Structures are given as C-alpha cells and as structure tokens.
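A.B. asks: only geometry, no sequence info:
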Ligand SMILES: Nc1ncnc2c1ncn2[C@@H]1O[C@H](COP(=O)(O)OP(=O)(O)OP(=O)(O)O)[C@@H](O)[C@H]1O
C-alpha cells in the first residue's frame, strides 16, 4: 500500500477529496440517530427538551416539525455526498487501474526477449489483467469502507463519551476483541491469497498456451488429456480459494459474538440507569441505537479485509513484475546513416544459465552484400540472428554495425534500420495494408502496394475479397504460411532498412513460391545488407557468401560454387538436398 501511495503521488489531491467527501457523508449518516433521540426527548420532556432550549420553540408539535425539516435536509445532503464520494472513489480506482495496467504493459514490453521466452504468456497476462482488476475492486469500495468504519467508531464514540463514560466503556468493550481478531485473520489470510493468485496465474498460463497450440492438441486427439490438465489447475484454484474462504468466513460469526456482548451491556445497564433516573430516556434510546450503529458495521470488516488481502496478494505480484529489470539496455548513440556493415567478433552466446550455443564466432558481412547462414538444425543460426537484432547480448565478444558496438546504439538507431522477417510470422489484428505498414504507419497506399509487389505478395492480396483492406486475424489464420511470409517481407522492406534479416524466410513455401521469393529477394536485397538463414540451400546459392555453422562454430565459408567444390558439410548438405549422392560420397 505504501509503495502504491508513493507511486501515485499525483493523485493525492483526489485521494484527499475522496476522504473529505466520505467524512461528510459519514457525519450526515450519524445525525438522524441523534434526531430520533431528540424526537423522543421532545415527546418525554416537552418544553424542557433539548430542542426547545436550542431552537427556542415551546410547542412540541412545532419542535417535531423542526426536527423533521432538519432530518430531511440532512438526508438529502447525505444522499448527495454518498453520490459524490462513491463517484470520487470509483473514478480514482478506475484511474489507478488504468495507470497500473498501462504501466505494467509498458514495463513488460521493455523486458528482454529472454524474459518473455522463459515465462508463460498467460502468467504475464493474468498479472496485467486479473491482478490489476483485483486491486481496483479493493480501491473501488474497500478504502472507503475502512475509512467510514474508523470514522464511525470516532463519531459514535464521541456521542457515547458525551453521554456516559460507563456505557462508553461497555459499548467499546468488543472493539479490542475485533481488532485483535482482525489482525489474526489477516495473518492467516495473507499466505492463502498468495496461493490463490499463483493458482490463477497457472490456469491463465495453461489456457493461453493451449489456445495457441490448439492444432497440435486436436491433431493428437489430446483434448481429453488437456481437459484433465486444465481441470486439475482449476481444481487447485478452487481448493486454494476454499481454503481462504474457510478462514475468511469464520471471521463474521466471531465479530457477531463480540457485538452481542457489547449490545447486551448497553441494553441492560443503560435501561437500569434510565430506570434509576441517571440517564435521560431520549439519550438511552440514542445509545441503544448507537450501539447498533457502532458495532454492526464492524461485521463488514471481514469482507473488507478479505478484499484487502486479495488485493495485496495481487499488488505483490504486480510490484514483482514491475521490479523485473531488463538486462539488455539501449545505448545512447544514434547513427546519422547506416551503411550496413555487420561484424561478429569472437562471439560467445547462450541462453540463461545454459551452456554456450555459439563458440567464438567471427564473421563479417560487408555493407550491401547478401550473406547466408546455413547448417544443421540446432547449429545456432537463429541465435546468431538474435544477436544482430540485439534481442540478447553475447556472453563475450562484440557485435558491430558499421564498426559501432550494438550496445552503444539506441533502439531506434539499431532496430529502426533493420528489417526482420521472423521464422514464425506474426500478423496483427487488422487489414493486410495495416499489417504491411506496421513498421511505417504513415506509408501511403502506393508505397504499401509497391512493397507488396516487391515481395511478390501483390497477386494473392489483390485476389482476396477486399484486397488490401481484407481483415487478417491475430495469427493471420486466413493466410497460408508462404503468404504470411511474403506479407512479412513486404512489411520489412516498406521500412526501407539498411539491413534485412530473414530467418528461414522460405521454409514454409512451395517451389513456385520459393522462386517468386528468390526473385523478390534479389530485388529487395539490392543496395542493402541482407543476412538470411535458410535450410534450403537452393534459396541461398546466389548469396555473396555463405557461412556454414555447425554446433555453434563457423566451420566453413565461401560462395556456393566454392563450397560445393570442396568436401565438407556444405557439399554433403547440397548432395542430400539435390539427391546427388555421388557428391555426398566424395564429401564424406
Ligand atoms: N530460448 C532458448 N532457450 C534455451 N536454449 C535455446 C533457446 N533457443 C534455442 N536454444 C538452444 O540453442 C541451440 C541453437 O538453437 P538455434 O535456434 O539457434 O538453432 P538453429 O540453427 O536456428 O536451428 P533450426 O535450424 O532448427 O532453427 C539449440 O541447442 C537450442 O536448444
């Protein structure tokens, strides 16, 4: 809470206003009880009554009319302040929810790719959505309730104190019991709600992952198995919640017993005092009402504490997320123009605490050349591309563009100059045109169409129902793998980057499409440095230089013709892919 308060200093004025509005409402709320007492006092004592002496109205009927008018005014005021304070609290809760969600999302976007890859998307989603909602639920009504409960004790306490010290002591007797009880419950609830929130995170993680892998689940007819897994996660959540509910539900009965004690005391002793004449009848009735007013609202302490503990479990998760720090931080240098010379100098790289995936890799891609990286699966090709985009930094060695270490550059200076087509093409909710223009939203329709033509995407886009305005889903499900890749290529080249990085850009396409993409690659790579990873060697045979990677090391390099002419892994691979086994035998 303290951390949240510090984080949202800018809302101090709004918080104070909300507290003031709640306070006025609460004061108005207590007045009618006093008026009831005053009314009884009028009936019992007439001309000697409290109202008579204050208002100087001798007639009892007139006194009652006065009381009725005051009551009506107070009632209207209370309703007005009730409206205003609830508006203030709820809007504040919405504002904090909004700010926190946007802040959490912005923070998540700033975290490393490695962080994203190591954590289930659903778990992050559950923090940004559910946990932020949970806090809003508490701020919405919880703070207001806690504050008015405290005020209630003070205000009602003042009325008691002004009337009879004996009764004050008796009526307040249950309060320490309730406070101690609340603290005890708080301690018991806290770990339980932490478990509940963790369970929610696990369900979200599982469901999000399964929705993403629906095709695999169906193809293996694993629906029943997955249902059992999701069911088990949901059951764990239910059990965790049931545990918390058991603890939280026991709270109200305890408070009711304490209340009963306080109420009985006032009823009995106050009555006896009224009979003895040591307490006015009007005041006695007020005190009986007041005991109710003092103690009954405390039954809702349990509910508020429950909300509070749920919210705090969520806040801890949100703050833990906000405490995550990106390891790969941008530099401050911007380059006026990028030629596009790339270099890896004795680079060693790997993932998390795992072993090295790249060992002492050195290579140079002169500006404007097309280089390919080939090698068996798991050789480290994608890992190498990640370094060029600075999705991660090498463990040792340097990655340079135009002789400048990538670590020195701002994100815009680096990634703004690089076009990237990932293995798994991601298309956003929106039209084809919007997807192509993703890297340059201000691009004109003509520019978008030109990029599509260069990427050989125009013919299939124009054949679609709404052409460039056709809506493609989140995963671009309405497009084939090859079509998606060509859209991604169009997207990359519309930025007119100095460096183009293609990861398996042609793996998912047929021969005809591959030929089309090769033509477009020849066109789009003209004048820019292009680094491409490919499994199909036919795609890269025209590259200026091909780097052969095996088990994280550069084992050979040269043009296609040079490499097929000498025995080695490339010649072997070529032989396998072209079906020319003689070459393979020679190579082996
Ligand atoms: N996110 C990751 N976390 C941990 N290890 C990883 C991660 N990604 C890749 N690796 C490991 O790094 C090694 C190289 O993987 P990489 O994806 O770079 O190979 P690749 O040559 O691109 O393979 P492919 O041709 O199959 O795409 C593999 O052993 C792989 O298990």
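C.D. replies: Noted; the coordinates are in hand. Small disclaimer: the values here were computed from a predicted structure and weren't measured.

A.B. asks: contacts and neighbour counts: CA atoms only from here.
C.D. replies: OK.

A.B. asks: Let me know the helix or strand that the residue of the stretch 401-550 of the chain found nearest the ligand is in.
C.D. replies: Nearest residue of the stretch 401-550 of the chain to the ligand: residue 535, at 6.8 Å (C-alpha to the nearest ligand atom). Assigned by DSSP states H and E, residue 535 falls within no helix or strand.

A.B. asks: what about it, distance to residue 502?
C.D. replies: Residue 535 is 12 Å from residue 502, where distance means C-alpha to C-alpha, to the nearest Å.

A.B. asks: got it, and residue 123?
C.D. replies: Note on residue 123: its distance to residue 502, by C-alpha to C-alpha, is 30 Å.

A.B. asks: the more surrounded of the two?
C.D. replies: Higher neighbour count among residue 123 and residue 502: residue 502, with 24 against 21, using other C-alpha atoms under 10 Å.

A.B. asks: What is the helix or strand where that one lies packed up against?
C.D. replies: Here residue 502 sits within strand 499-503, counting by DSSP H and E. Applying 3 or more C-alpha pairs under 8 Å, 6 or more residues apart in numbering; DSSP states H and E, we find strand 499-503 packed against helix 381-388, strand 418-421, strand 529-533.

A.B. asks: and the helix or strand following the longest one, how far out from the chain's middle?
C.D. replies: In this case it means helix 381-388. Downstream of helix 381-388, the next assigned helix or strand under DSSP H and E is strand 396-401. Relative to the centre of its chain, strand 396-401 is centred 34 Å away, using C-alpha atoms, centre = their mean, to the nearest Å.

A.B. asks: Strand 396-401 pairs with which strands?
C.D. replies: Strand pairing for strand 396-401, using DSSP bridges, gives strand 342-350 (antiparallel), strand 404-405 (antiparallel).

A.B. asks: List the buried residues for the helix or strand harbouring residue 311?
C.D. replies: Applying DSSP H and E as the criterion places residue 311 in helix 300-323. Using 16 or more other C-alpha atoms under 10 Å as the test for burial, helix 300-323 gives 300-315, 317-318, 321-322.

A.B. asks: What score does the residue in the stretch 101-250 of the chain positioned nearest to the ligand have for pLDDT?
C.D. replies: With C-alpha to the nearest ligand atom as the measure, residue 117 is the residue of the stretch 101-250 of the chain nearest to the ligand, at 5.9 Å. With respect to pLDDT, residue 117 has a value of 85.

A.B. asks: again with residue 374
C.D. replies: The pLDDT attached to residue 374 in the predicted structure is 91.

A.B. asks: repeat for residue 475
C.D. replies: Looking at residue 475, its pLDDT is 57.

A.B. asks: now do residue 580
C.D. replies: Looking at residue 580, its pLDDT stands at 62.

A.B. asks: try residue 544
C.D. replies: In this prediction, residue 544 carries a pLDDT score of 92.

A.B. asks: do the same with residue 531
C.D. replies: pLDDT for residue 531: 93.

A.B. asks: Tell me what it is bridged to.
C.D. replies: residue 371, residue 501.

A.B. asks: what's the longest helix seen in the chain packed up against?
C.D. replies: The single longest helix within the chain, with elements called by DSSP state H, is helix 60-110. Judged by 3+ C-alpha pairs under 8 Å, 6+ apart, helix 60-110 is in contact with helix 12-45, helix 132-137, helix 300-323.

A.B. asks: Most tightly packed of the strands paired with strand 396-401?
C.D. replies: Each of the strands paired with strand 396-401 was scored by mean neighbour count; the highest is strand 342-350, a mean of 21, by mean count of other C-alpha atoms under 10 Å.

A.B. asks: So which bits of this protein are right by the ligand?
C.D. replies: Within the chain, the positions adjacent to the ligand are 117, 351, 357, 377, 378, 379, 380, 381, 382, 383 by C-alpha under 6 Å from any ligand atom.

A.B. asks: In these, which residue is surrounded by the most others?
C.D. replies: With neighbours defined as other C-alpha under 10 Å, the most crowded of those is residue 381; it has 27 neighbours.

A.B. asks: what's around residue 276, how many residues?
C.D. replies: 10.

A.B. asks: ok, back up a step: take the residues of the chain next to the ligand and write them to TSV, including distance to residue 222.
C.D. replies: As requested, the residues of the chain next to the ligand are exported to TSV (distance: C-alpha to C-alpha, whole Å):
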residue	distance to residue 222
117	24
351	31
357	33
377	28
378	28
379	32
380	32
381	32
382	30
383	32
